[in-house]
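Trainee: When you get a sec, could you give me coordinates for this:
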Amino acid sequence: MKKILKSLGIVLAAIACLVLTLLIIPIAEVDLSAPVSGSGDWMSRLPDDISLADIAIPGTHDSGAAVCELGFITKCQFSPIAKQLSDGYRYLDVRLMAEGDEMRFMHGFTSCKTSVFGGNLTLSSVLSDCYSFLREHPTETIIFCVKNEYGGASAEDFSSLFSEYVNKSPEMWLLTGSLPTLGHARGKLVLLRRYGDGSYPGVEFDWPGQGGGNDGKSFELCNKNGFTLAVQDRYEYDIDEKWAAFTDALDAKADLTVNFLSTKGSFVQGHPFFFASNLNPRLSGADLHGWTIVDFGTAEIARTIYERNFT
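Mentor: Numbering: from 1, shown residues only. Reported below is the predicted structural model:
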């Protein structure tokens, strides 16, 4: 009996450690940096006739994943989307599941939450935050890059449901089929679409999954509606390998480079915070251009990126 109780105690201790790892540690991953003055209106300093493709834009990877189930392996941001916008981020990586008449944010198979003990993070609540931000900051735009993340909905059904949300406030959207100038995009969300073909509204903006395959390429070159898109999204690379891919993509010959600094590493399930803590500081010394997409973004990181437009 003593051996059984001892074994049971070991199992319970292991479960407790697992719970601590998956739930408690992510709560302590918070942004302690100071706000940056002017980060809410930095696009006001740019001319109307510049294309979005020619602007150095900070973005967040898995933008809704500030609070997630299994947070140790799924949390990707410090802050909710409303704060990301005020911190200066203008590209949102939006990953949704269509469920009935609702769309909610997902990271893989796990749900994004409004808070640790809150409900699911829905598209409705995030759009409300985006609309409020744009009404208060009409010189800005939000690049809303939408992916059909989980749940198995067809592109047609997913697009139909998403359009219902758009049609509630059509004046807030720019559904052009190509990347616009900033002047046309100010005060609006620009829809980029990682689902369906060119028959759907918005800019077709998908690319092959990259993961960590050893295919000899640091990034993918894609032809999209008359422009060349370079995407680096090696999300299974470890620190030095990821940084090498990131810097290689800075030399891509393309009309637009979308360069993800986010990674979970080569583990089956990694800890994004660990990699972001090691990779994000390297941005200050890089010759940044294009759109730079990060995990655990802060206002200071956003400024590092968008100030490249003015130096």
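Trainee: and stretch 238-251, what's its mean pLDDT?
Mentor: The average of the pLDDT scores along stretch 238-251 is 95.
Trainee: actually stretch 193-211, not the one I typed
Mentor: 86.
Trainee: Kindly report the same for stretch 301-310.
Mentor: 97.
Trainee: Could you do stretch 175-182 as well?
Mentor: Stretch 175-182 comes out at a mean pLDDT of 94.
Trainee: That stretch: how far from the chain's middle?
Mentor: 20 Å (Cα atoms, centre = their mean, to the nearest Å).
Trainee: how about the strands in the stretch 101-250 of the chain?
Mentor: All strands of the stretch 101-250 of the chain, identified by DSSP state E, counting those that start in this stretch, fall at 102-107, 110-111, 142-148, 173-174, 189-194, 203-204, 220-224, 227-232.
Trainee: Where among those strands is average confidence lowest?
Mentor: strand 220-224 (a mean of 84).
Trainee: Mind exporting the C-alpha coordinates of that one to PDB?
Mentor: Provided in PDB are the C-alpha atoms of strand 220-224 (Å, rounded to 0.1, in the frame of the first residue of the first chain):
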ATOM      1  CA  GLU A 220       9.100  31.600 -50.300                       C
ATOM      2  CA  LEU A 221       8.600  33.800 -53.400                       C
ATOM      3  CA  CYS A 222       5.000  34.000 -54.500                       C
ATOM      4  CA  ASN A 223       3.400  35.900 -57.400                       C
ATOM      5  CA  LYS A 224       0.200  37.700 -56.200                       C
END
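Trainee: need the strands of the stretch 101-250 of the chain in a markdown table with mean neighbour count and distance to residue 70, can you?
Mentor: C-betas here are computed from N, CA, C, even on glycine. Below are the strands of the stretch 101-250 of the chain laid out as a markdown table (neighbours: other Cβ atoms under 10 Å; distance: least, Cβ to Cβ, whole Å):
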| stretch | mean neighbour count | distance to residue 70 |
| --- | --- | --- |
| strand 102-107 | 23 | 9 |
| strand 110-111 | 18 | 5 |
| strand 142-148 | 23 | 19 |
| strand 173-174 | 19 | 33 |
| strand 189-194 | 22 | 23 |
| strand 203-204 | 20 | 32 |
| strand 220-224 | 16 | 28 |
| strand 227-232 | 21 | 26 |
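Trainee: and residue 239, which of those is closest to it?
Mentor: Counting by Cβ to Cβ, residue 239 lies closest to strand 227-232 out of the strands of the stretch 101-250 of the chain; the figure is 15.0 Å.
Trainee: returning to that earlier point: same list, the strands of the stretch 101-250 of the chain, but as CSV with distance to residue 81 please.
Mentor: As requested, those are arranged in CSV below (distance: least, Cβ to Cβ, whole Å):
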stretch, distance to residue 81
strand 102-107, 9
strand 110-111, 16
strand 142-148, 9
strand 173-174, 17
strand 189-194, 12
strand 203-204, 20
strand 220-224, 25
strand 227-232, 22
